[in-house]
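> The sequence isn't on hand, but the structure is:
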């Protein structure tokens, strides 16, 4: 019996080692995970953009801003009015804001400073709060009292929390899985000889791919609805001054998610075209999905300028920034036009490239 077991083990190992692609993913996936973690978090100190509006001409506010700007993790951005500051915050251009009222003095406990930070980003929230409070304490020679920071007006005052950040990441992750389902389903049909039989029918490649696209979008829609339904049950609420604003923002997030679905189907077509069988298709798809999750801000923001630049290679980066600004910060859909246009162009190019490679390699 032991001899039989050993023989089977040897046979299985030979099978694995003969399949170079499978062996590559088997050994390469753990290595890739560690490399991604290192690349995402090893580029030293991250700089956070903090906007401010200074309504006081005295020496104290300017000294306060200068010291903050000299802090290694902060980059202070001047705004001429509160509206532009709040709009930039909602769109994600800055992660915190200071509004200094007339009469500010670090030595008093007057409510003369409005301070807000995007608490959905844990690392940014902790780092910015501690730095601003420490510098303010230094200037006043004592810790500022609790009432020192005046709460901002609605709708910025809606509570930001980690749940807001994670719900958006879960949404884009669920849509991204379409890459896996597209490659797996097409590779399975090819292994069964479906495409050889299609050559004897009037059905064209475009008809088949259009049907695949529509089915995957329906699945994405169901995934999105499910994620939102569960998120509501556990306490998530989108940003918005009124119930109508929340509804509109939710529908806007659906629009972005569907555009992301088209882009992911295109990526799936490219993978399916080059994969030799279903096992390879599945392995390659996850080899693409995992870096997307690590580097596109799905569950955390990559640290460092290089990785932030690399993140734009993935469609989920555009979707994450747009949906998070809409749902977690209350930005209107049209204000996200740069991300929407980028994602739409990505989707069109990815799907067209996928069709070309699919027809060339498969049909």
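Cool, the structure landed. Predicted model, so just to flag it, every value in this text is computed and none were measured. Numbering: from 1, shown residues only.
> Who are the contact partners of residue 49?
By C-beta atoms under 8 Å, 6 or more residues apart in numbering, the residues touching residue 49 are 75, 77, 93, 94, 95. All C-beta spots, glycine's among them, are computed from the backbone N, C-alpha and C.
> ok, which stretches of the stretch 151-300 of the chain are helices?
Secondary structure of the stretch 151-300 of the chain by DSSP state H, counting those that start in this stretch: the helices cover 162-176, 178-191, 194-198, 205-233, 243-274, 278-295.
> quick one: buried residues of the first one?
Using 16 or more other C-beta atoms under 10 Å as the burial criterion, the residues of helix 162-176 that qualify are 163-176.
> For stretch 124-132, which residues meet the burial criterion?
Neighbour-count burial for stretch 124-132, counted by 16+ other C-beta under 10 Å, picks out 124, 125, 127, 128, 131, 132.
> possible to save the buried residues of helix 162-176 as CSV with pLDDT?
CSV is the format used below for the buried residues of helix 162-176 (pLDDT from 0 to 100):
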residue, pLDDT
163, 69
164, 69
165, 71
166, 76
167, 79
168, 82
169, 82
170, 83
171, 85
172, 88
173, 86
174, 84
175, 87
176, 87
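> residues in contact with residue 285?
Residues in contact with residue 285 (C-beta under 8 Å, 6+ apart) are 179, 180, 182, 183, 184, 268, 271.
> let's see 7 Å
The contact partners of residue 285, taken as C-beta atoms under 7 Å, 6 or more residues apart in numbering, are 179, 180, 183, 268, 271.
> got the contact list for the closest residue to residue 224 other than its chain neighbours?
Of all residues not flanking residue 224 in the chain, residue 257 sits nearest, at 4.9 Å (C-beta to C-beta, 6 or more residues apart in numbering). If you count contacts by C-beta under 7 Å, 6+ apart, residue 257 has them with 171, 175, 220, 224, 319.
> if we can go back for a sec, so which of the buried residues of stretch 124-132 comes closest to residue 61?
Nearest to residue 61 among the buried residues of stretch 124-132: residue 132, at 13.5 Å, using C-beta to C-beta.
> before we move on, back to that, need the buried residues of stretch 124-132 in TSV with secondary structure, can you?
Below are these laid out as TSV (DSSP: H, G, I helix; E, B strand; the rest coil):
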residue	secondary structure
124	helix
125	helix
127	helix
128	helix
131	helix
132	helix
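> what's the closest of those residues to residue 275?
Distance to residue 275, by C-beta to C-beta, is smallest for residue 124 among those, at 39.2 Å.
> nearest spatial neighbour of the closest one, skipping sequence neighbours?
Leaving aside its sequence neighbours, residue 124 sits nearest to residue 95 (C-beta to C-beta, 6+ apart; 4.7 Å).
> quick one: that neighbour from residue 48, how far?
Going from residue 95 to residue 48 by C-beta to C-beta, to the nearest Å gives 5 Å.
> domain ranges for this structure?
Here the domain parsing of the chain from automatic domain parsing is 48-150, 162-361.
> what's the closest of those to residue 18?
domain 162-361 (12.9 Å).
> coming back round to it: can you tell me which of the domains of the chain is most buried?
With neighbours taken as mean count of other C-beta atoms under 10 Å, those reach their highest mean count in domain 162-361, at a mean of 19.
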